[in-house]
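Novice: Got a sequence here, can you build the structure:
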Amino acid sequence: MIDFYYWPTPNGWKVSIMLEETGLAYSLKPVNIGAGDQFKPDFMAISPNARMPAIVDHDTADGSLPIFESGAILIHLAEKSGRLMPSTPKGRKECLEWLFWQVGNLGPMAGQLSHFVNYAKSVQPGDHLYAHQRYAGEYNRCLGVLERRLQGRGFILDDYSIADIIAWPWVLIAKPLGQSLDEFPNVSRWRDLIKARPAVRRGVDLAKDLRRSGQHSEQSRKILFGQTAGSLGDG
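Specialist: Next up, the predicted model:
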């Protein structure tokens, strides 16, 4: 059994989709990030970065194994299930390249853009214009990289894989981030192809009632966006 520490966000969807695709048994453990549950010692013992998603796999040769960071989790689940990651040296190399491309480029750029679209408050008009334009431009550039990669191919690799699963959630929400996919027909086709998968739909819908109830108050904004080293406690 896998304990899955989750809150419904694009980062969380990466792992919920993977669990649904593999059919691995899991127990959902909601962590309310707006209430600061991610800073509780029990959770930080699993995820030192105080972020989600995270899992504890209770069925490994080393006993119960905590894993944090979505890329590491997806690799673990792919190896555990024997699915969704190429086994050849070249295929594995390409999979890891695109996995790390997502965690180092597409995900962070989309996440920062989301902050300035959805959360940053301006005192004066245009206060955050440079930051907004910077991350919007980088998100657009990342979509361009993906567009070129998908030219003439159905998926990021030869077959559907964790490279697709980890990248897709941040493309799903392109429109709310202010980015049309009209200039990226390959990305748009790929987005729709993956969205049609039953396991993907189940992963995105997981605990969606929590998402509906997750409107942020001023207090939750301070918890989410006022973090410093002091937020992590004394260790």
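Novice: Near W98, how many other residues are there?
Specialist: 20 (other C-beta atoms under 10 Å). Quick note: C-beta positions are derived from backbone N, CA and C, even for glycine.
Novice: cool, A78 as well?
Specialist: A78: 22 surrounding residues under other C-beta under 10 Å.
Novice: wait, what's in contact with it?
Specialist: Going by C-beta atoms under 8 Å, 6 or more residues apart in numbering, A78 touches 18, 22, 84-85, 161-162.
Novice: Go again with 7 Å.
Specialist: Each residue near A78 by C-beta atoms under 7 Å, 6 or more residues apart in numbering is listed here: 84-85, 162.
Novice: and it, backbone torsions?
Specialist: Backbone torsions for A78, taken as degrees, to the nearest 10, come to phi -70, psi -40.
Novice: Repeat that for the one 5 residues further on.
Specialist: Geometry field for R83 lists phi and psi as phi -130, psi 150, criterion degrees, to the nearest 10.
Novice: Pull up the gap between it and D158, please.
Specialist: According to C-beta to C-beta, to the nearest Å, R83 stands 15 Å off from D158.
Novice: quick one, which of those two is more surrounded?
Specialist: Set side by side, R83 and D158 show more neighbours around R83, with 16 against 11, by other C-beta under 10 Å.
Novice: which residues in this structure form strands?
Specialist: All strands of the chain, identified by DSSP state E, fall at 2-6, 26-30, 54-57, 65-68.
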